[in-house]
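J.: Quick one, what's the 3D model for this:
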Amino acid sequence: MISITRDVIDTGTMIEAAKRPGMGALVTFCGVVRDDGVERMELEVYEEVAVRELETIRDEAMRKYPIESVDIVHRVGSLFVGETILLVIVGAGHRKEAFAASEYIIDRLKRTVPIWKKEFGRDGEERWVPGEPGDQTSSPPPG
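T.: Purely as a prediction, here's the structure:
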């Protein structure tokens, strides 16, 4: 499953759904809003392009690594500290391949998927979260 959602991500249900008899490893990455002075975070997306890019990343990972499945769900909208932003589940026969593919997926996602984060601090300050050079998150969304 590849999806962008405004709904709460049910990690337990998704992990259970990802299991297959031939998999010896399910590696999950769950990104959450951390408390570093923020009250909440707004995530904006260019959804059509983001879904297409996530599908491309999944397909690349499936070709590059001996894995059996990739699920990626990214949440957008208004999120508060502790809420899940991103869930990546990689299924493989063995852990090494699943971990390597998971890291590849997350690194690619951060660089190329058009999702932008704006933090709202407890002190009232608002700021776009800068990304690393080349990241889609390095500047506010267009428009």
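
J.: Pull the distance from the lowest-mean-pLDDT helix or strand in the chain to the chain's centre.
T.: Using mean pLDDT, DSSP states H and E, strand 126-128 stands out as the lowest-scoring helix or strand of the chain, at a mean of 82. Averaged C-alpha coordinates place strand 126-128 at 20 Å from its chain's average position (CA atoms, centre = their mean, to the nearest Å).

J.: Direction included, what does it pair up with?
T.: strand 115-121 (antiparallel) (DSSP bridges).

J.: for the record, mean pLDDT for the strand it pairs with?
T.: Along strand 115-121, the predicted local confidence has a mean pLDDT of 90.

J.: how about the spatially most central residue of the chain, what does it touch?
T.: Centroid check for the chain by CA atoms, centre = their mean gives residue 86 as the closest residue, at 3.6 Å. The contact partners of residue 86, by CB atoms under 8 Å, 6 or more residues apart in numbering, come to 29, 30, 31, 72, 73, 74, 75, 109. For glycine as for every other residue, the C-beta is placed from the backbone atoms N, C-alpha and C.

J.: Low-confidence ranges, the protein, go.
T.: With pLDDT under 70 as the threshold, the chain has low-confidence stretches at 131-143.

J.: The residue nearest to the centre of the chain pairs with what?
T.: residue 31, residue 74.

J.: In contact with the spatially most distant residue from the centre of the chain, which residues?
T.: Within the chain, residue 123 marks the point farthest from the mean C-alpha position, 27.5 Å out by CA atoms, centre = their mean. Residue 123 is in contact with residue 37, counting by CB under 8 Å, 6+ apart.

J.: switch to 10 Å and redo it
T.: When contacts are counted by CB atoms under 10 Å, 6 or more residues apart in numbering, residue 123 is found next to 37, 38, 39.

J.: For it, pull up the helix or strand it's in.
T.: Secondary structure assigned from DSSP states H and E places residue 123 in neither a helix nor a strand.

J.: That one and residue 83: what is the separation?
T.: The gap separating residue 123 from residue 83 is 20 Å, by CB to CB, to the nearest Å.

J.: about what we covered before: spell out for me the PyMOL command that would select the buried members of the contacts of residue 86.
T.: Selecting the buried subset of these in PyMOL, with 16 or more other CB atoms under 10 Å as the burial test, is done by:
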select buried, resi 29+31+72+73+74+75+109
